[in-house]
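> The following comprises the amino acid sequence and a computationally predicted model.
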Amino acid sequence: MITHPNVALLTRYAGGDPGLDEATVWSVEVHLEACPDCRARLAGSTPDDTRALLDRVAVEMDRSIATGPAPVPVRRFGAAVHRRWFIRALLPWLTMTVAVLGCAFLLEGLWPGLPSLVLLLAPVAPLPGVAVAWSRRVDPAWELIAGTPAAGLTMLLRRTAAVLAVVIPVLAVGSAGTQLSVALLLLPCLACTAATIALGGRLGVRRAAAGVAVVWAAAVVLPSMVTAQLSAVLRPDSVPVWALATAVLVAFTATRNGDYRRLSSLS
């Protein structure tokens with residue numbers, strides 16, 4: 001049964017009574033969002049001085065809009081692409097990622113006796129960009145974005161696609177001049193990215209990316225460098241396992257849309 005706030009409570013809310021605690025104010029606001037009857041009662045409970053103030057504000061705004069300069073035309077397509085698919089803060093991170101992969105390809109050619117640095121780094125190459133793509137620390141517009149219907153898993157996937165659109169061609173082109181398997185370069189890369197997104201809704205994308213990178217370094221990179229042999233998870237016979245893991249993680253990630261409605265995912 002729905003409980004409507006009484007007239008006295010609406011009057012105190014409309015008047016900005018400082019005696020109302022935050023929980024009460026929040027419950028009234030949530031109820032008003034879904035109850036047109038109470039919104040109408042609230043309009044009738046607004047004090048005369050508040051109504052007069054709102055009327056003056058409306059008049060001044062109308063006058064300012066009428067006499068002010070014309071709005072600057074907005075390039076809607078470019079702005080939409082920027083908001084949904086890319087943020088400028090990604091540029092230095094993507095540049096760093098491409099530079100690191102380039103150095104790995106170069107070192108692999110100079111010291112062929114070492115385990116393939118490209119194979120070791122490829123799975124975690126997109127993770128810095130993914131972490132930056134969904135972080136309140138680097139996106140100056142995160143407060144606006146978090147409060148819009150466009151926010152959530154869909155936007156993160158768009159920005160992740162922008163990161164992969166840079167990383168994957170670099171890996172594919174680099175592998176053309178080596179004996180590296182394209183499948184072993186790309187499938188672990190996609191699997192680690194999907195794992196980051198799957199965990200990011202609960203832990204925060206930045207923490208999830210750091211966690212996946214640390215686990216990969218401890219479980220695969222360090223043992224491979226110590227033994228001077230690639231880990232078993234990066235050998236050709238592991239390709240079917242990576243393909244299955246990638247498919248499972250992508251399917252699981254698709255079910256986590258609700259997690260990205262939490263502000264903690266932006267941490």
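It's in.

> Now residue 110. Its backbone dihedrals?
phi -80, psi -40 (degrees, to the nearest 10).

> Could you do residue 47 as well?
Dihedral angles (degrees, to the nearest 10) for residue 47: phi -60, psi 150.

> Excluding residues flanking it in the chain, which one is nearest it?
residue 15 (5.4 Å; CB to CB, 6 or more residues apart in numbering). Every residue, glycine included, has its C-beta placed from N, CA and C.

> wait, doesn't the one you found sit right on residue 51?
No - contact criterion CB atoms under 8 Å: residue 15 and residue 51 do not qualify, at 11.4 Å.

> and the gap between the residue nearest to residue 47 and residue 8?
Residue 15 sits 11 Å away from residue 8, going by CB to CB, to the nearest Å.

> what about these two, which has more around it?
Ranked by neighbour count (other CB atoms under 10 Å), residue 15 and residue 8 place residue 15 first, with 14 against 9.

> the bottom helix or strand of this protein by mean pLDDT?
Across the helices and strands of the chain, mean confidence by mean pLDDT, DSSP states H and E is lowest for helix 76-85: a mean of 53.

> which residues in this protein form helices?
Using DSSP state H, the helices of the chain run over 7-14, 22-34, 36-45, 48-67, 76-85, 90-110, 117-121, 127-133, 142-146, 153-176, 182-203, 205-216, 222-227, 239-253.

> between these, which gets nearest to residue 259?
helix 182-203 (2.4 Å; CB to CB).

> for that closest one, packing partners?
helix 117-121, helix 127-133, helix 153-176, helix 205-216, helix 239-253 (3 or more CB pairs under 8 Å, 6 or more residues apart in numbering; DSSP states H and E).

> Let's have the helices of the chain in CSV, adding distance to residue 260.
Output for these, formatted as CSV (distance: least, CB to CB, whole Å):
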stretch, distance to residue 260
helix 7-14, 31
helix 22-34, 21
helix 36-45, 30
helix 48-67, 35
helix 76-85, 14
helix 90-110, 18
helix 117-121, 27
helix 127-133, 12
helix 142-146, 10
helix 153-176, 4
helix 182-203, 5
helix 205-216, 9
helix 222-227, 32
helix 239-253, 10
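
> among those helices, which is the most enclosed?
A comparison of the helices of the chain by mean neighbour count, using mean count of other CB atoms under 10 Å, puts helix 127-133 on top with a mean of 25.

> what comes into contact with that one?
With contacts defined as CB atoms under 8 Å, 6 or more residues apart in numbering, helix 127-133 is touched by 87, 89-90, 93-94, 96-97, 138, 156, 159-160, 162-163, 166-167, 192-193, 196-197, 205-206, 208-210, 212-213.

> pLDDT wise, what is the residue lying closest to residue 116 once chain neighbours are set aside at?
For residue 116, ignoring the flanking residues on the chain, the nearest one in space by CB to CB, 6+ apart is residue 108 at 5.9 Å. Looking at residue 108, its pLDDT is 77.

> wait, isn't residue 108 in contact with residue 115?
No - with contact defined as CB under 8 Å, residue 108 does not count as touching residue 115 (9.3 Å).

> For the helices and strands packed on helix 182-203, give me TSV that also has distance to residue 56 and mean pLDDT.
Shown next, in TSV, are the helices and strands packed on helix 182-203 (distance: least, CB to CB, whole Å; pLDDT from 0 to 100):
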stretch	distance to residue 56	mean pLDDT
helix 117-121	62	89
helix 127-133	44	89
helix 153-176	39	87
helix 205-216	45	93
helix 239-253	51	93
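
> CSV for these, including distance to residue 183?
As requested, these are exported to CSV (distance: least, CB to CB, whole Å):
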stretch, distance to residue 183
helix 117-121, 11
helix 127-133, 20
helix 153-176, 10
helix 205-216, 18
helix 239-253, 5
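
> Tell me which of these lies nearest to residue 39.
Among those, helix 153-176 comes nearest to residue 39, with 30.5 Å by CB to CB.

> quick one, that closest one and helix 182-203 angle?
Counting by axes from the mean of the first three to the mean of the last three CA atoms, to 10 degrees, helix 153-176 lies at 150 degrees to helix 182-203.

> residues in contact with the closest residue to residue 9 other than its chain neighbours?
In space, residue 9 comes closest to residue 28 once its chain neighbours are excluded; the distance is 6.7 Å by CB to CB, 6+ apart. With CB under 8 Å, 6+ apart as the criterion, the residues that contact residue 28 are 5, 9, 10, 13.
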